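S.K.: With the sequence up front, the predicted model follows.
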Amino acid sequence: MELSEALKVLSHPTRRAVLAWLANPHKSFKSYSQLYDFSVYGVCASLIQDKAGMSQPATSLCLKVLQDMDFVTATKVGKWTYYKRNDEQLFAALSELHSELNV
């Protein structure tokens, strides 16, 4: 993983918000309902879109950027895509930043 690319991805407030929501989807999406429990496949892209208040294309791009950096994983179930946060990759990026700054 290239730290500069990771920081570029994390610089966008909506992408950071999505990562924060996916940290605890039961709390973040408690007023939403979907076919599967959040712990099974994650959160449906349509719920993320609604919560973010973005168009479908903008939501797809946001999630694609996060997925390309491996900060989220996607699972296709029928015609729907569900997303989970990949804490391992996210923490690796933050750890690399921490090391680089000698903190």
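M.R.: Received the coordinates, thanks. Residues are numbered from 1 along each chain as shown.
S.K.: in the chain, which spans are helices?
M.R.: Remark: helices assigned in the chain by DSSP state H are 3-10, 13-23, 25-28, 38-41, 45-52, 56-68, 87-100.
S.K.: Which positions within the fifth one qualify as buried?
M.R.: Spelled out, that is helix 45-52. Within helix 45-52, the residues that qualify as buried are Ala45, Leu47, Ile48, Gln49, Lys51, Ala52, counting by 16 or more other CB atoms under 10 Å. C-beta here means a position set from N, CA and C on the backbone, and glycine is covered the same way.
S.K.: Out of the helices of the chain, which is closest to Thr81?
M.R.: Closest to Thr81 of the helices of the chain is helix 45-52 (CB to CB; 4.9 Å).
S.K.: tell me the centre residue of the protein?
M.R.: The chain has Leu19 as the residue nearest its centroid, 4.2 Å off, counting by CA atoms, centre = their mean.
S.K.: For it, which non-adjacent residue is spatially closest?
M.R.: Nearest residue to Leu19 in three dimensions, chain neighbours excluded: Arg85, at 5.8 Å (CB to CB, 6 or more residues apart in numbering).
S.K.: same check, this time on Phe38
M.R.: Nearest residue to Phe38, sequence neighbours excluded (CB to CB, 6+ apart): Pro25, at 4.0 Å.
S.K.: do Met1 as well
M.R.: Nearest residue to Met1, sequence neighbours excluded (CB to CB, 6+ apart): Ala93, at 6.1 Å.
S.K.: And the one you found, what's its pLDDT?
M.R.: pLDDT, Ala93: 96.
S.K.: One more: Leu97?
M.R.: pLDDT, read off for Leu97, is 95.
S.K.: wait, what's in contact with it?
M.R.: For Leu97, the contacting residues are Leu3, Ala6, Leu7, by CB atoms under 8 Å, 6 or more residues apart in numbering.
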